[in-house]
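# requesting a structural model of the entry that follows:
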Amino acid sequence: MPAGIACALSRPRRQTMMSWRMVAALGSIASIERMLGKFREMIDTDNSIPPELRSALHATLDGHLLSAKERLLKTVGDQ
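Numbering: from 1, shown residues only. Purely as a prediction, here's the structure:
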């Protein structure tokens with residue numbers, strides 16, 4: 001075994017604590033993902049929505065999800 005790997009394996013792992021703000025932000029992100037998942041399910045199961053509109057709706061949800069994640073994580077990073 002190379003010396004670098006043996007050294008890395010023998011060192012104790014550092015425990016890192018997450019701030020309560022980060023925990024809250026990750027919980028909010030999980031809630032948003034579940035909510036958007038329900039919207040996706042409704043979009044995919046509603047036969048009255050044409051396929052081209054479905055893809056546009058999914059793209060819109062993707063954009064909103066990314067935007068929400070960025071805002072939440074930026075809020076945590078600013079504090």
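# quickly note the distance from the residue nearest in space to the middle of the chain to residue 58.
In the chain, the centroid-proximal residue (CA atoms, centre = their mean) is residue 29; its distance is 5.7 Å. Residue 29 is 18 Å from residue 58, where distance means CB to CB, to the nearest Å. All C-beta spots, glycine's among them, are computed from the backbone N, C-alpha and C.
# coming back round to it: so the residue nearest to the centre of the chain sits against residue 72, correct?
Yes. Between residue 29 and residue 72 a contact is recorded at 5.9 Å, counting by CB atoms under 8 Å.
# return the distance of stretch 65-78 from the chain's centre.
How far stretch 65-78 lies from its chain's middle: 10 Å, per CA atoms, centre = their mean, to the nearest Å.
# my error: substitute stretch 39-57 in the last question.
Worked out by CA atoms, centre = their mean, stretch 39-57 lies 22 Å from the chain centre.
# list the contacts of it.
58, 61 (CB atoms under 8 Å, 6 or more residues apart in numbering).
# tell me the average confidence for that stretch?
Averaging pLDDT along stretch 39-57 yields 95.
# buried sites along that stretch?
Under the neighbour-count criterion of 16 or more other CB atoms under 10 Å, stretch 39-57 has 43, 57 buried.
# for that stretch, measure first residue to last.
Length of stretch 39-57, first residue to last, CA to CA, to the nearest Å: 9 Å.
# how many neighbours does residue 34 have?
9 (other CB atoms under 10 Å).
# got phi/psi on residue 17?
phi -100, psi 140 (degrees, to the nearest 10).
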